[in-house]
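# Need coordinates for the following:
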Amino acid sequence: MYNHQIGYVRPARVSEWVTIIASIIYYDDDTMVTEYVMTNENKTELKNVLWSTMKYVSVLNGKRMTHQEDIAHFLKIATVEGVDYPNVSFNERIKQIKTALAEGRY
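Residues are numbered from 1 along each chain as shown. A predicted model of the protein is given here:
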């Protein structure tokens, strides 16, 4: 793990069922960003958003290194489309998710 950014939008109530959606939204040679979205059970109300940034490091020396070919291939096919991570702020992304939930597109 490298860092986390979390936005609490609405609280989850005691015993409330929630839905958690995890998506890889960005990667490059040595980095991967995963977005976690928590909503109510019906995906109509946003609870929180978490971005976790991970750096690929060598277990031998602890230094950053580029993704191995098979990992890079996996990231290429697993990364979701439609999130312009390098050009969207965290708060703007929260607004995008809220809009998508309201329109039933998430």
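
# going forward, measure contacts between C-alpha atoms and count neighbours the same way
OK.

# Regarding V49, which helix or strand does it belong to?
Following DSSP states H and E, one finds V49 within strand 46-55.

# what does stretch 42-50 contact?
4-12, 19, 35-40, 94, 97-98, 101-102, 104, 106 (Cα atoms under 8 Å, 6 or more residues apart in numbering).

# any idea of the mean pLDDT for that stretch?
Taken as a whole, stretch 42-50 has a mean pLDDT of 96.

# Alpha carbons only: can I get that stretch in PDB?
Once non-C-alpha atoms are left out, stretch 42-50 reads as follows in PDB (Å, rounded to 0.1, in the frame of the first residue of the first chain):
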ATOM      1  CA  ASN A  42     -30.100  -1.100  -3.600                       C
ATOM      2  CA  LYS A  43     -27.300   1.100  -4.900                       C
ATOM      3  CA  THR A  44     -29.400   4.200  -4.700                       C
ATOM      4  CA  GLU A  45     -27.500   6.000  -1.800                       C
ATOM      5  CA  LEU A  46     -23.800   6.600  -1.700                       C
ATOM      6  CA  LYS A  47     -22.200   5.900   1.700                       C
ATOM      7  CA  ASN A  48     -18.500   6.300   1.000                       C
ATOM      8  CA  VAL A  49     -15.700   6.100  -1.600                       C
ATOM      9  CA  LEU A  50     -12.100   4.900  -1.000                       C
END
